[in-house]
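**Student:** I need the structure of the sequence given here:
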Amino acid sequence: MNKNLRMHAEKSNLSLLDYVLKRNSEIAKETGVNRTIFAACPNSMAVIKAALNSAKRCNAPIKFATTLNQVDLDGGYTGLTQYEFVKKVKQEAASINLQSPVIIAIDHGGPWLKDQHRKEGMNYEQTMQAVKESFEAAIAAGYDLIHVDPTIDTTLPKGEIISIEVVAARTVELIKHCEAYRVANGFPKIAYEVGTEEVHGGLVDLSVFKSFFELLKSGLKKEGLEDVWPCFVVGKVGTDLHTTEFDAGVAKLIVDISAEYGSVIKGHYSDNVTNPEAYPASGMGGANVGPEFTEREYEGLIELETIETQLFEEGKVPKKSEIKQELWDAVIASGRWVKWLEDDENADDFYANDADRQLWLIKTGCRYIWQNPEVIASRVALYENLENNGVKAEEILLSHIEKAMDKYFYKFNLVDVNDLLIK
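**Tutor:** Residues are numbered from 1 along each chain as shown. As a prediction, the model looks like this:
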């Protein structure tokens, strides 16, 4: 089905994602049911497997939204380059004979949005060049969408917000670069996503929102790219790092505006959202979920350790894996938890912070250390201890993640949509 949809998209002179969204719109008119594309942030091998399993079970498309921190030319924290990531996804999909469309995308691609760029103190020219090289690698690897997000500028004085004119100009520059590289090398059409939830109220100020559209439209026209237009625009719809209530009222406002320009709204930070069914009801085109799956993976490992402890006490396991302690030690040693601290929290002593916050920081921080050699070794030991006793460790772990993913497939009205997409 993936191949068939790509063939139909090519015949329609569209990218795969633009074609899927076009069919979604047509199906909504036919059935009266809106659908929201679900995107998983693939922060571990387990999440990749779980997403493909869930997509197969639900007979629906799956989109992977990878940040440059996760997958990049340097391997990111997953240890995978763009080419290796695409190859890995294809291998895992083939292993379960997945027929669903698989859409692969860059999430938040822009200057200084890769942690390493900030750490190395890159100037504007250096970080833009690195981003362009990452985009080229993604296009060559077969990615379907690039989220162009030049909304951060570390050279500005603290507290100063980047102007919407600069955001639009840099967005045009990056899209122009991608299109020039794609066309010169004969690669298929790709889709684009623009905007962010982290600037100008997530473009939720309606005057700024419309201004961004107009600036982008005129900028692309000036560069001779009238036929290139983002299918997704990111909007702030109530959810962020610490809130989980989707604001349907705000969403509807910006959904209607974006429709006038031929785009649909994408929600980010949709993790653990309390009212996911409101996304399609509001006309949202897509939603990204990521850290939630790291939390579920952590919880799955803790369940496995509980089983392991019981077996150890029964004399059926010679040595425990100590996976929980290994995870805590690795996250704390990485120092990446500091990135998520509030202003009044302690960056010098992890254990000086509130116990609930410690657990949250560990759960969300695990995505950075899944590929640490010590963590891998501990997980291997855990799995061996359980499987030697007839316990299907990986199945138990994946069930935690898949349960969370199934929720989004159902609440976003995506179950069995594959049967409609190809008609």
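**Student:** tell me which element K87 is part of?
**Tutor:** helix 82-95 (DSSP states H and E).
**Student:** same check, this time on A287
**Tutor:** Counting by DSSP H and E, A287 is found in strand 286-289.
**Student:** could you measure the nearest residue to G142 once chain neighbours are set aside against A46, distance?
**Tutor:** What sits nearest to G142 in space, not counting adjacent residues and going by Cβ to Cβ, 6 or more residues apart in numbering, is V86, at 5.1 Å. Glycine gets a C-beta too; all of them are placed from N, C-alpha and C. Look at V86 and A46: by Cβ to Cβ, to the nearest Å, they are 18 Å apart.
**Student:** hang on, the earlier thing: wait, doesn't the residue nearest to G142 sit right on Y143?
**Tutor:** Yes: with contact defined as Cβ atoms under 8 Å, V86 reaches Y143; the gap is 7.3 Å.
**Student:** what touches both of these two?
**Tutor:** Residues touching both V86 and Y143 (Cβ atoms under 8 Å, 6 or more residues apart in numbering): I104.
**Student:** quick one, phi psi at I62?
**Tutor:** phi -130, psi 130 (degrees, to the nearest 10).
**Student:** now swap in Q310 and tell me
**Tutor:** According to degrees, to the nearest 10, Q310 has phi -60, psi -40.
**Student:** what does the model give it for pLDDT?
**Tutor:** As predicted, Q310 sits at a pLDDT of 98.
**Student:** who's in contact with the strand holding A287?
**Tutor:** With Cβ under 8 Å, 6+ apart as the criterion, strand 286-289 contacts 36-41, 63, 65, 107, 232, 264-271, 273, 276, 279, 404-405, 408, 412.
**Student:** mind listing what's buried in that strand?
**Tutor:** G286, A287, N288, V289 (16 or more other Cβ atoms under 10 Å).
**Student:** got it, and stretch 373-388?
**Tutor:** Neighbour count says stretch 373-388 has V375, S378, R379, A381, L382, Y383, N385, L386 buried, by 16+ other Cβ under 10 Å.
**Student:** Could you do stretch 317-336 as well?
**Tutor:** 317, 320-321, 323-324, 326-332, 336.
**Student:** now those residues as JSON lines including secondary structure?
**Tutor:** Listed next are the buried residues of stretch 317-336 as JSON lines, based on DSSP: H, G, I helix; E, B strand; the rest coil:
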{"residue": "V317", "secondary structure": "coil"}
{"residue": "K320", "secondary structure": "coil"}
{"residue": "S321", "secondary structure": "coil"}
{"residue": "I323", "secondary structure": "helix"}
{"residue": "K324", "secondary structure": "helix"}
{"residue": "E326", "secondary structure": "helix"}
{"residue": "L327", "secondary structure": "helix"}
{"residue": "W328", "secondary structure": "helix"}
{"residue": "D329", "secondary structure": "helix"}
{"residue": "A330", "secondary structure": "helix"}
{"residue": "V331", "secondary structure": "helix"}
{"residue": "I332", "secondary structure": "helix"}
{"residue": "R336", "secondary structure": "helix"}
